[in-house]
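>>> What shape does this take:
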Amino acid sequence: MALPNRYDAESIELKWQQFWSENHSFDCEIDKSRPKYYVLEMFPYPSGNIHMGHVRNYSIGDVVARFRRMQGYNVMHPMGWDAFGLPAENAAIKHNIHPASWTYSNIDNMRKQLKRLGYSYDWQREVATCHPKYYKWEQEFFLKWLEKGIVYRKKAPQNWCSNCHTVLANEQVEDGKCWRCSTLVEQKELTQWFLKITDYADELIADLKKLEGGWPDRVLSMQNNWIGKSIGAEAIFKLENSEKEIKIFTTRPDTIFGVTFMTLAPEHSLVDELIKGAKNETELRAFIEKTRNMDRIARQSETLEKEGMFTGAYAINPFTGDKVPVWIGNFVLAEYGTGAVMAVPAHDQRDFDFAKKYAIPMKAVISVDGKDLDVNTLECAYTEPGIMINSGEFSGTPNEEGKAKIIAALEKNGCGKKTVNFRLRDWNISRQRYWGAPIPVVYCEECGMQPVKKEDLPVLLPLDVKTHEDGRSPLPTCENFVNTVCPKCGKPAKRETDTMDTFVESSWYFARYTDARNEEMPFSKEALSYWLPVDQYIGGVEHAILHLLYARFFTKVLRDLGYIVPEINEPFANLLTQGMVLKDGIKMSKSKGNVVDPTEMISKYGADTVRLFCLFAAPPERDFDWSDAGIEGSARFLQRVWRLYQELRPYIFAMNPCSSTKEQADTTEAKNLRLREHSTVKKVSEDIGNRYQFNTAIAAIMELVNDTFAVKEMLIQNENGKAILSSAMATIITLLSPITPHICEEFWQDLGHTNLVGSVAWPTYKEEALEKDILTIVIQINGKLRGKVDAPSAVSKEELEKLAINEPNIQKHLEGLTIRKVIVIPGKLVNIVAN
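I've put the predicted structure just below:
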């Protein structure tokens, strides 16, 4: 049955989507006879509707998945839902429905939207993190962490969002505000659960080397800076007239002779003792309270106005014996380093600014030439390398060399040691909200905190509760949930009412996909060994620190607990961070009224056109601005391909791509089209397979379509020409199929093929087909372009030289000149040296 003249995208797309679904065309299983390829896009939060950012992300992933299948890989391409967390809970409260109803309804809707775009997902592996069959396993992980000491509970100041009624990890505070709702973050003293990510800091930073070449340099740098490894010294300053001491960490032990004051974090354990009974104790405590309520991220900012107060106490410099005043400052945090710093204002800009503000003396201990440095003339701290001065026996030593010597002296005298410090802090996973995975512990008056027994998992999140309008969790007042029995003594006990941070769920979902229907374990080692690591991971750069760092940490922890095989140390071998889709130069948002609805675009143009435009508009790593003219252009291109196929259909027949022969290319037009066909396969294969430059790959296919249009009337005249056209059309169809799969399947079936175009081997070009019979040779005189000449590809150097010299325009430029030398580069250029 011939295809209709009009391109009806909707009917074609629905037809093939139904076929793929009914035939499980993209389901996959372990097949050790084939190389595997695991492609994964970051799974979405089920907000209710997909947006253009989703379409771009998932279209990129789908092209990669389809391309790798055609290359012969056993491809796994799964999809699921990051379904727990604040957004679903807040939306449910706003709409006065239960978070579970809201979430599952949205999942149903978004699944339909994704299927309507024709993505080649293995839906048998679908997971939703809010389902007990999913979070049961992370509760089991929690019990293992507890047993091994990887998770612990402590009281500490926490980032608190008053709007979301929950704590935030440091990574979830952006510019002093909640990353979800932009409310200013406060500090609140709470007892919370922490994962010891710091135990893995060294490995996390060292293994970034393994990701070089596979991850963007920008992301590697962001992770490196966040983990923040510093090598330096820990030094002990004893308090005057006390047995107590202050430990400091410094990366500049070479400046220890220049310490003129100490600065403690207001939260430091010694502060209360130091200020007790001071004349200005009231003012000191007010300053401490004010500073504790500041955002901790803001307190580390370079632009923070440095403030402090003198405690009245003194410490003793372990080298000089000098009394050093002890201050408290708003720029020092208890959880970074030791919560205390030695201040050397002559050689640290932050200390310099502080000393200037409060008229604290300075002492220079490094100068450029080893001569004395007048601190009264300094306009800023001297931080360059130099020679140590005013440093006792170390004076005259280059300061870099002096660092090691000072550390050796500290260790010899028992007042310090070489130390490695990290900026990274342990991960607070407690959340004071309802819609999350329950933490599987109980509290018994006699036995204390007790883990739930493994056989009693999952601890189910109760669904028979009503959320509070202000966002407070209903769990503490849900008696059926809270009241339980102690697993150790059997007496009444209370359940933990905090839930886990939703980033816990997204830190291992990629592993669950490998064995998503396993009810005996989270995943089998056989499945993990075959599928992991993810070969290509795709998502936004905004997840560079939060999700990606946590997923790397989880992989290493689960490896050490025996869940993941030892050879898997990193979850994602390659990472592609795609840019955003903008409208009128700004990010799409409902509040700005500039949202482009994918459903409307699909209804108007078809899924293939939407996919094509999202891939053609810009390289994947760059943002692109949505353009109505752009999507119209993509629609016109597919209509043009449809028209080309319709006009060729009476003359072409089923052939594999790139299968016409050299002998069949018996005219100039045939040779040129065959050359274009094979060169397009070469470029598209490189652009998709090596560089993910989909826009240039599409541009190359467009050129092939144009060239085919240009010569079709000449080539349909004989059988050889028809073979050349049949091969070219087959190549157009196969190259386009990962990008616009529906229309290509329709063409392929209409040609009489019984297999899917998506199962056809990816085209391979022939070197002989890339050889040109006629080459255009550039002619230069003294290095300047003066003309061009067409020459047979097999022409000799001597013949090419004659052709160039005799070219009329070259003859004109050579008048009055004597040829001194002729340089011939075969197949490219002739340069005539003359004067």
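>>> only C-alpha atoms for contact and neighbour calcs from this point on.
OK.
>>> How many residues are close by Leu615?
25 (other C-alpha atoms under 10 Å).
>>> any idea whether it is helix, strand or coil?
With DSSP: H, G, I helix; E, B strand; the rest coil as the basis, Leu615 sits in helix.
>>> wait, doesn't it sit right on Arg56?
Yes - under the criterion of C-alpha atoms under 8 Å, Leu615 makes contact with Arg56 at 7.0 Å.
>>> which secondary structure element contains Gly312?
Under the criterion of DSSP states H and E, Gly312 resides in strand 308-316.
>>> So what touches that strand?
237-240, 245-246, 262, 274-275, 278, 284, 287, 322-330 (C-alpha atoms under 8 Å, 6 or more residues apart in numbering).
>>> Just the buried ones from those residues?
237-239, 246, 262, 274-275, 284, 287, 323-330 (16 or more other C-alpha atoms under 10 Å).
>>> Quick check: strands, which of those residues are part of them?
The members of these that map onto strands under DSSP state E are 237-239, 246, 262, 323-329.
>>> Nearest to Ala298 among those?
Distance to Ala298 across these (C-alpha to C-alpha) is lowest for Gly329, with 13.4 Å.
>>> Hmm, Leu264 and the closest one touching each other?
Yes - proximity of Gly329 to Leu264 meets the contact threshold set by C-alpha under 8 Å, at 6.2 Å.
>>> Beyond the worst-scoring helix or strand of the chain on mean pLDDT, next helix or strand please.
The weakest-scoring helix or strand in the chain, judged by mean pLDDT, DSSP states H and E, is strand 173-174 (a mean of 78). Using DSSP H and E, the next helix or strand after strand 173-174 towards the C-terminus is strand 177-178.
>>> Now do the next helix or strand after that next one: which elements does it pack against?
For strand 177-178, the following helix or strand on the C-terminal side (DSSP H and E) is strand 186-195. Packing partners of strand 186-195 (3 or more C-alpha pairs under 8 Å, 6 or more residues apart in numbering; DSSP states H and E): strand 151-161, strand 427-428, strand 430-431.
>>> continuing past strand 186-195, what's the next helix or strand?
Scanning forward in sequence from strand 186-195 by DSSP H and E, the next helix or strand is helix 201-206.
>>> what does whichever helix or strand comes after that following helix contact?
Using DSSP H and E, the helix or strand that follows helix 201-206 towards the C-terminus is helix 217-227. Helix 217-227 is contacted by residues 201, 204-205, 208, 211-212, 422-424, 541, 544-545, 549 when judged by C-alpha under 8 Å, 6+ apart.
>>> Got a ChimeraX select line for the buried ones in those?
Here is the ChimeraX command that selects the buried residues among the contacts of helix 217-227 (16+ other C-alpha under 10 Å):
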select :201,204,205,208,211,422,423,424,541,544,545,549
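>>> remind me which residues of the stretch 151-300 of the chain are low pLDDT?
For the stretch 151-300 of the chain, applying pLDDT under 70 flags the ranges 170-171, 295-297.
>>> That should have said the chain, apologies.
1, 170-171, 295-297, 590-591.
>>> Quick one: the helices in the stretch 601-750 of the chain, in order.
For the stretch 601-750 of the chain, the helices defined by DSSP state H, counting those that start in this stretch cover 607-616, 628-648, 668-686, 694-715, 719-736, 741-750.
>>> you'd agree Ser230 is in a helix?
No - the assignment for Ser230 is strand, going by three-state DSSP, so no helix is present there.
>>> How about it, nearest residue that isn't a chain neighbour?
Leaving aside its sequence neighbours, Ser230 sits nearest to Asn421 (C-alpha to C-alpha, 6 or more residues apart in numbering; 5.1 Å).
>>> Starting from Ala364, give me the distance back to the one you found.
In this view, Asn421 and Ala364 are 26 Å apart by C-alpha to C-alpha, to the nearest Å.
>>> picking that back up, redo the contacts of helix 217-227 as TSV? Include distance to Thr311.
Formatted as TSV, the contacts of helix 217-227 follow (distance: C-alpha to C-alpha, whole Å):
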residue	distance to Thr311
Ala201	34
Leu204	39
Ile205	38
Leu208	43
Leu211	48
Glu212	48
Phe422	28
Arg423	27
Leu424	29
Val541	44
Ala544	41
Ile545	38
Leu549	39
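>>> re earlier: compile the helices of the stretch 601-750 of the chain into TSV and extend it with columns for distance to Val127.
Formatted as TSV, the helices of the stretch 601-750 of the chain follow (distance: least, C-alpha to C-alpha, whole Å):
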stretch	distance to Val127
helix 607-616	25
helix 628-648	33
helix 668-686	33
helix 694-715	29
helix 719-736	30
helix 741-750	25
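>>> Glu411 is nearest to which of the ones you listed?
That would be helix 668-686 among those, by C-alpha to C-alpha, at 57.3 Å.
>>> Only C-alpha atoms, please: export that closest one in PDB.
Only the C-alpha atoms of helix 668-686 are listed here, as PDB (Å, rounded to 0.1, in the frame of the first residue of the first chain):
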ATOM      1  CA  THR A 668      29.400  12.200 -12.900                       C
ATOM      2  CA  GLU A 669      26.100  12.800 -11.100                       C
ATOM      3  CA  ALA A 670      26.000   9.200  -9.800                       C
ATOM      4  CA  LYS A 671      29.600   9.400  -8.600                       C
ATOM      5  CA  ASN A 672      29.100  12.700  -6.900                       C
ATOM      6  CA  LEU A 673      25.900  11.400  -5.100                       C
ATOM      7  CA  ARG A 674      27.700   8.200  -4.000                       C
ATOM      8  CA  LEU A 675      30.600  10.300  -2.700                       C
ATOM      9  CA  ARG A 676      28.200  12.500  -0.800                       C
ATOM     10  CA  GLU A 677      26.400   9.500   0.600                       C
ATOM     11  CA  HIS A 678      29.600   7.900   2.000                       C
ATOM     12  CA  SER A 679      31.100  11.100   3.200                       C
ATOM     13  CA  THR A 680      27.800  11.900   5.100                       C
ATOM     14  CA  VAL A 681      27.900   8.500   6.800                       C
ATOM     15  CA  LYS A 682      31.500   9.200   7.800                       C
ATOM     16  CA  LYS A 683      30.700  12.600   9.300                       C
ATOM     17  CA  VAL A 684      27.400  11.600  11.000                       C
ATOM     18  CA  SER A 685      29.100   8.600  12.500                       C
ATOM     19  CA  GLU A 686      31.900  10.800  13.900                       C
END
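>>> Can you give the contact residues for it?
Under the criterion C-alpha under 8 Å, 6+ apart, residues 658, 660, 662, 664-665, 696-698, 700-701, 704, 707-708, 711, 714-715, 721, 724, 728, 731, 735, 763-766, 769-772 lie in contact with helix 668-686.
>>> swap in stretch 485-493?
Outside stretch 485-493, the residues touching it (C-alpha under 8 Å, 6+ apart) are 442-445, 447, 450-453, 483-484, 494.
>>> ditto for stretch 345-359
255, 258-260, 306-307, 343-344, 361-366, 375, 378, 380-383.
>>> Please pick the buried ones from those.
255, 258-260, 306, 343-344, 361-366, 375, 381-382.
>>> any idea which of these is closest to Trp137?
Taking the buried ones among the contacts of stretch 345-359 together and measuring to Trp137 by C-alpha to C-alpha, the closest member is Lys306, at 46.6 Å.
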